[in-house]
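J.: what's the 3D shape of this:
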Amino acid sequence: MFLGEYEYKVDSKGRLPLPPKFRQEFGSELVLTRGEEPCIVAYPTSEWQKVTETIATKEMIPSKRRKVHRVKYGSAHNLTLDAQGRIALPSALRAYSQIESDAVIVGASSYVEIWNPPLWNAEKVSSEEEVYQIIENLEGQQ
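T.: As a prediction, this is how the structure comes out:
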């Protein structure tokens, strides 16, 4: 399980170290893709398989399925960690997420989000304003 929030520098070659706690969970390979918000999402390969199975089994109008495939798979990259536990962030994903020299890595249970720090701070404030109401609604459904 991925937990916590970590700040790292992106080096001049676009490489980002992953927190040591996360490296073991990922193993040597992972999948990066666009997040629904302007961030990069990193999945262990086993979790990526679950995502693809979920997409494959959902009923969708064919045109909508193609759109999901184009965005989710078209922006996905298989990566391996280097010897220092870094990943090379693809330039298209860096542009989408607006990540330049700094990044915030956020554990999100079964996957990780990689954010531009100012965008993460804005998202965090927005999420914190809504989270307790969301939790109360979940508790009321039990």
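
J.: any idea of the pLDDT on the closest residue to M60 other than its chain neighbours?
T.: Nearest non-adjacent residue to M60, counting by CB to CB, 6 or more residues apart in numbering: V68, 7.0 Å away. For glycine as for every other residue, the C-beta is placed from the backbone atoms N, C-alpha and C. What the model reports as pLDDT for V68 is 93.

J.: Would you map the strands across the chain?
T.: 5-9, 15-17, 29-34, 40-44, 77-80, 86-88, 102-108, 111-115 (DSSP state E).

J.: Any chance of JSON lines for those, columns mean neighbour count and distance to Q141?
T.: Shown next, in JSON lines, are these (neighbours: other CB atoms under 10 Å; distance: least, CB to CB, whole Å):
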{"stretch": "strand 5-9", "mean neighbour count": "13", "distance to Q141": "28"}
{"stretch": "strand 15-17", "mean neighbour count": "19", "distance to Q141": "38"}
{"stretch": "strand 29-34", "mean neighbour count": "20", "distance to Q141": "30"}
{"stretch": "strand 40-44", "mean neighbour count": "23", "distance to Q141": "27"}
{"stretch": "strand 77-80", "mean neighbour count": "14", "distance to Q141": "37"}
{"stretch": "strand 86-88", "mean neighbour count": "19", "distance to Q141": "38"}
{"stretch": "strand 102-108", "mean neighbour count": "19", "distance to Q141": "22"}
{"stretch": "strand 111-115", "mean neighbour count": "23", "distance to Q141": "24"}
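
J.: Just put these in CSV and tack on mean pLDDT and distance to I61.
T.: Below are the strands of the chain laid out as CSV (pLDDT from 0 to 100; distance: least, CB to CB, whole Å):
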stretch, mean pLDDT, distance to I61
strand 5-9, 98, 38
strand 15-17, 98, 37
strand 29-34, 98, 21
strand 40-44, 98, 24
strand 77-80, 97, 27
strand 86-88, 98, 35
strand 102-108, 98, 29
strand 111-115, 98, 27
